[in-house]
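K.L.:
have a look at this fold, sequence not included:
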């Protein structure tokens, strides 16, 4: 009779060991919806407000999350590292997920993403929008053509420069074991952090895998981080921004 309740307690205990890192900059429009979804899964959440000029912090404070705030705008890479430092210093986390705050990631895909980490088989799980998918399917999901070109170029550059074989790059949906996270130290504050992270995975010989994920290309997410201009910035950083 108590089996369902026992299972619920087990799931909640496991979720309490999973921390979600949410970097945010002027995301008042959608942050509440994202945090509501994440909190419904009983994950532990740290939001890093990268000196927003809107009500991002005020909205985050309405939820049971840890809120950290930068006094100046530093960039997504710096926000992630702030979250990483907090988790490795102050929590007993077992698994950490990076989750963008512009609504492009699906909270329902987190269990599949963290499964390779919780099983102990891998140190890092990288979300891939191309794994078992064709470019045509990605385009049908709303990915801009230039974005597709940028990502494909980035994949080639990553394989050549790091020897890591991946099907996607600059995908902000990732999971790490706590042991792996302690070896990650991002120095690139802005767009180049995605490439730097892959370099550090290779440098530290971390065991990694890819997990298929979907990315939502909405009008809002394109304005926030998926625009053509931002794609150009990513391509520039892939070539010139790495250490």
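P.N.:
Great, that's in hand. Remember, it's a predicted structure, so these values are computed and weren't measured experimentally.

K.L.:
where along the protein do the strands fall?
P.N.:
Using DSSP state E, the strands of the chain run over 18-24, 44-49, 66-69, 95-98, 124-128, 174-177, 208-212.

K.L.:
can you redo those strands as a markdown table with mean neighbour count and mean pLDDT?
P.N.:
Placement of C-beta: from N, CA and C, glycine included. What follows is those, written out as a markdown table (neighbours: other Cβ atoms under 10 Å; pLDDT from 0 to 100):
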| stretch | mean neighbour count | mean pLDDT |
| --- | --- | --- |
| strand 18-24 | 26 | 97 |
| strand 44-49 | 25 | 98 |
| strand 66-69 | 17 | 98 |
| strand 95-98 | 25 | 98 |
| strand 124-128 | 25 | 96 |
| strand 174-177 | 26 | 98 |
| strand 208-212 | 18 | 95 |
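
K.L.:
can I get the ones you listed in JSON lines with distance to residue 57?
P.N.:
Shown next, in JSON lines, are the strands of the chain (distance: least, Cβ to Cβ, whole Å):
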{"stretch": "strand 18-24", "distance to residue 57": "9"}
{"stretch": "strand 44-49", "distance to residue 57": "5"}
{"stretch": "strand 66-69", "distance to residue 57": "6"}
{"stretch": "strand 95-98", "distance to residue 57": "20"}
{"stretch": "strand 124-128", "distance to residue 57": "27"}
{"stretch": "strand 174-177", "distance to residue 57": "24"}
{"stretch": "strand 208-212", "distance to residue 57": "31"}
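
K.L.:
wait, which of those strands is closest to residue 111?
P.N.:
Between residue 111 and these, the shortest separation by Cβ to Cβ is 9.4 Å, and it involves strand 18-24.

K.L.:
quick one, the closest one and strand 44-49 angle?
P.N.:
Following axes from the mean of the first three to the mean of the last three Cα atoms, to 10 degrees, one obtains 10 degrees for the angle between strand 18-24 and strand 44-49.

K.L.:
pull up the pairing partners for strand 18-24, direction included.
P.N.:
In the sheet, strand 18-24 lines up against strand 44-49 (parallel), strand 95-98 (parallel) (DSSP bridges).

K.L.:
can you lay out the ones you listed as CSV showing distance to residue 170?
P.N.:
Shown next, in CSV, are these (distance: least, Cβ to Cβ, whole Å):
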stretch, distance to residue 170
strand 44-49, 19
strand 95-98, 12
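
K.L.:
which one, of those strands, ends up nearest to residue 33?
P.N.:
strand 44-49 (13.5 Å).

K.L.:
what's the closest one in contact with?
P.N.:
15-25, 31, 35, 38-39, 56-57, 60, 63-70, 79-80, 82-83, 86-87, 91, 93, 101 (Cβ atoms under 8 Å, 6 or more residues apart in numbering).

K.L.:
low-confidence regions, the protein specifically.
P.N.:
Applying pLDDT under 70 to the chain picks out residues 1-15, 132-163, 189-192, 218-243.

K.L.:
the closest residue to residue 92 other than its chain neighbours and residue 97, how far apart?
P.N.:
Leaving aside its chain neighbours, residue 92 sits nearest to residue 17 (7.1 Å; criterion: Cβ to Cβ, 6 or more residues apart in numbering). Here the criterion is Cβ to Cβ, to the nearest Å. By it, residue 17 lies 12 Å from residue 97.

K.L.:
understood, closing this out.
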